[in-house]
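Chemist: output the structure for:
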Amino acid sequence: MSEEQAAQAKPHLKLNMVKVLDMGCGILHQLFIRESVNKSKALLKDLKQGKKIPVGALTLNPKAGEGGDAPTDMPALEIPLSVCLDYSEYRGPGFSHPVFIEALNGMLHQIVTAMRAKKDLNILTSESGSMLVHKPGVVQLDGQFNVMLLALEPSANNSMVMKLMFVDPEQYESVRRED
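Modeler: The predicted structure is shown next:
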């Protein structure tokens, strides 16, 4: 079988990324906000060390066709889901659990508020299928602002990564320092 035939034989998957985002936000809230502080701190420590933490899997079931029956010859597909952190753009000292939680909480609040109001999530996509949700969580410590965003990144090995990242706060006019 040629590569072209193999590609055509694979089912073309379409994910509703807004639903994936909704589920991902729920997972992040459960892991870091609702979980005990000690467990949340331990997870953050692993993330700061560059570890990718597995948090579950998306199960995709074949959709029913026009006849109303789901194809029985296509098994459900499990897509592993993990979370990672990039804080290379974090500015200033003091990157700690409370700062992380404040930024995460702010970002999740912005995303959930927009979803409930059915407003634009300001999603930026790339050709690789990555999705940057531009609903920032802004945190200020000792006069220094930091901004957290969330990206959903499909991987080549049929997995999905929720990437929490701090971005350059100077990109945001509302947090720039007036010199």
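Chemist: please make it C-alpha for all contacts and neighbour counts, starting now.
Modeler: Fine.
Chemist: buried ones in stretch 86-95, by neighbour count?
Modeler: 86-87, 90-91 (16 or more other CA atoms under 10 Å).
Chemist: go on, stretch 96-104?
Modeler: 97, 99-104.
Chemist: ditto for stretch 31-46
Modeler: 31-32, 40-41, 43-44.
Chemist: quick one: average pLDDT of that stretch?
Modeler: The pLDDT scores in stretch 31-46 average 96.
Chemist: got the contact list for that stretch?
Modeler: 52-53, 97, 101, 105 (CA atoms under 8 Å, 6 or more residues apart in numbering).
Chemist: about what we covered before: closest one of the buried residues of stretch 86-95 to T125?
Modeler: D86 (18.4 Å; CA to CA).
Chemist: nearest residue to the closest one other than its sequence neighbours?
Modeler: What sits nearest to D86 in space, not counting adjacent residues and going by CA to CA, 6 or more residues apart in numbering, is M165, at 4.6 Å.
Chemist: element containing the one you found?
Modeler: In this structure, M165 sits in strand 160-167 according to DSSP states H and E.
Chemist: output the contacting helices and strands for that strand.
Modeler: Contacts defined by 3 or more CA pairs under 8 Å, 6 or more residues apart in numbering; DSSP states H and E place strand 160-167 against strand 77-86, strand 144-154.
Chemist: what is the orientation angle of that strand with strand 77-86?
Modeler: Computed by axes from the mean of the first three to the mean of the last three CA atoms, to 10 degrees, the angle separating strand 160-167 from strand 77-86 equals 20 degrees.
Chemist: okay, now the sheet partners of strand 160-167, with direction.
Modeler: Sheet pairing here is set by DSSP bridges, and for strand 160-167 it gives strand 77-86 (parallel), strand 144-154 (antiparallel).
Chemist: just name the most buried of the ones you listed.
Modeler: strand 144-154 (a mean of 22; mean count of other CA atoms under 10 Å).
Chemist: mind checking how far it is from the chain centre?
Modeler: Offset of strand 144-154 from its chain centre (CA atoms, centre = their mean, to the nearest Å): 9 Å.
Chemist: of the contacts of stretch 31-46, just say which sits nearest to A114.
Modeler: The nearest member of those to A114, counting by CA to CA, is N105 at 14.2 Å.
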